[in-house]
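> just need the structure, nothing else, for what follows:
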Amino acid sequence: MLTLTAFHITILLGAAALLIIAAVSDARRFRIPNRICAALFLLFPFFVLTAPQEIDWQQHLLVFLLVLISGFAMFVGNLTGAGDIKLLAVTGLWAGPHLIAVFLITTAISGGLLALVIALTTYIRNHRQPQAVSLANVPIPYGIAIALGGLSMLYALSQPIIFPS
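Numbering: from 1, shown residues only. All right, here's what the predicted structure looks like:
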C-alpha cells in the first residue's frame, strides 16, 4: 500500500478545512468569501507537487474552466450565486476529470437534501407564525452542499487506490 507524505496529507486537510469554513460562512451569512476560493486555488499546485504520482494538472485546469463557464451561465440566468459558482469551480479543479462525477453527484444529492430540510423547516415555521414566508423567497446556502461534495472528493483523493503503486 502506498502511503501519502505528511505534507501531502496536510494539504488535503487544509483544503478540507477551507471547504468547511466556506460552508459555515454560507450558512451564517449566505456569502462565500473570495479569499477562501483563492486559497483553494493557490493550494492546488502544492497538492500536485506533493502527490505520490504525477497528476495531469492541465486536465484539472480544463475541468475548472468548464465548470466556471457552465456556472457563469447559471449565474447569468440568476439560478445561483457567484460565490457558489467560484467554490464549485475551484473544487472541480481539485476533482479533475477522474473525480468530477463523484463531486458533482455528491453535491447534487447533498443540495437536494439541504433544500428538503429548508423547505420542511420553512413549512413548520409558517404554521407557527401568522406571517407566512414564501418558499420561493427562502435562500439555500448551497455552499454547504458544495463543501460536502468536496469533502467526499477529497476523501477519495486521500485513498491509495487513486495513486496505485
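
> alpha carbons only for contacts and neighbour counts from here, please
Noted.

> now the element after the strand or helix carrying residue 39, going C-ward?
Take DSSP states H and E as the rule and residue 39 turns out to sit in helix 34-50. Under the assignment DSSP H and E, the closest C-terminal helix or strand after helix 34-50 is helix 57-76.

> residues making contact with that following helix?
The list of residues contacting helix 57-76 from outside it, by CA atoms under 8 Å, 6 or more residues apart in numbering, reads 48, 80-82, 85-86, 88-97, 100.

> could I get the pLDDT score of residue 49?
According to the predicted model, the pLDDT of residue 49 comes to 91.

> for it, what are its contacts?
Counting by CA under 8 Å, 6+ apart, residue 49 touches no other residue.

> what is the longest helix along the chain packed up against?
As far as residue count goes, and with DSSP state H defining each element, the longest helix of the chain is helix 82-128. Under the contact definition 3 or more CA pairs under 8 Å, 6 or more residues apart in numbering; DSSP states H and E, helix 82-128 sits against helix 34-50, helix 57-76, helix 143-158.

> which parts of the shortest one are buried?
The one in question is helix 143-158. Of the residues in helix 143-158, those buried by neighbour count under the rule 16 or more other CA atoms under 10 Å are 143-154, 156-158.

> same thing with the second one?
Of the residues in helix 57-76, those with enough neighbours to count as buried (16+ other CA under 10 Å) are 57, 60-61, 63-65, 67-68, 71-72, 75.

> quick one: residues in contact with stretch 15-31.
Applying CA under 8 Å, 6+ apart, the set of residues contacting stretch 15-31 from outside is 32-33, 36, 39-40, 43, 83, 139, 141-147, 150-151, 154.

> quick one: the one residue sitting closest to the centre of the chain from residue 90, how far?
Closest to where the C-alpha atoms of the chain average out (CA atoms, centre = their mean) is residue 146, at 3.2 Å. Separation of residue 146 from residue 90 (CA to CA, to the nearest Å): 11 Å.

> can you list the low-confidence ranges for this structure?
Regions of the chain meeting the criterion pLDDT under 70 cover residues 1-4, 160-165.

> give me the outermost residue of it relative to its centroid.
Relative to the C-alpha centroid of the chain, counting by CA atoms, centre = their mean, residue 130 is the outermost residue, at 36.7 Å.

> for that one, helix, strand, or coil?
Per DSSP: H, G, I helix; E, B strand; the rest coil, the secondary structure class of residue 130 is coil.

> please renumber so the chain begins at 50
Renumbered: residue one is now 50, and that last one reads residue 179.

> distance of it from residue 173?
The value you get for residue 179 to residue 173, if CA to CA is used, is 12 Å.

> lovely, talk soon.
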